[in-house]
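S.K.: any chance you can model this:
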Amino acid sequence: MGVGAAIAGTAIAAPAPKGNPAHGQQLFARCAVCHKVGPNPTGSIGPALNGVVGRMAGGEAGYRYSPAIKASGIKWDEASIDKLLQGPSKLVPGTKMVFPGMAAPQDRADIIAYLKQYGADGSRK
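M.R.: Next up, the predicted model:
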């Protein structure tokens, strides 16, 4: 079997698009119904997302996570957040996060770029 035949059966993932944080901020309005970022992110249904990139799933103090998220062992990096944004229940069956998912890879990359701007204290990096 030649190299071409071996490669033909292998799916090659496209590189993730470069995120645009300004557009991500606009898109985050959908997320802001349940999540907050920035100084004093209180009063939301979901956990605050300050410093979420690099944090363990279920790691925001004071938020009551579903057992599924707490047991997931996920560390929120760009790839895992991208998968979550495609459909939370696909990534973590049993999560209480109700979101139908976001199909466009560029939109997901933009939201991730926006979130990456925030440190754990809510300040912009």
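S.K.: when you work out contacts or count neighbours from here on, use the C-alpha atoms and nothing else.
M.R.: Will do.
S.K.: and the residue nearest the centre of the protein?
M.R.: I81 (2.6 Å; C-alpha atoms, centre = their mean).
S.K.: element containing that one?
M.R.: Counting by DSSP states H and E, the element that carries I81 is helix 78-86.
S.K.: off-centre distance for that helix?
M.R.: Centroid separation between helix 78-86 and its chain, computed with C-alpha atoms, centre = their mean, to the nearest Å, is 5 Å.
S.K.: and it, what does it pack onto?
M.R.: helix 88-91, helix 105-115 (3 or more C-alpha pairs under 8 Å, 6 or more residues apart in numbering; DSSP states H and E).
S.K.: out of these, which one sits most buried?
M.R.: helix 105-115 (a mean of 22; mean count of other C-alpha atoms under 10 Å).
S.K.: contacting residues around that helix?
M.R.: 16-25, 27-28, 37, 49-53, 78, 81-82, 85, 102 (C-alpha atoms under 8 Å, 6 or more residues apart in numbering).
S.K.: so where is this protein shaky, pLDDT-wise?
M.R.: For the chain, applying pLDDT under 70 flags the ranges 1-15.
S.K.: where do the strands sit along it?
M.R.: Per DSSP state E, the chain carries no strands over any range.
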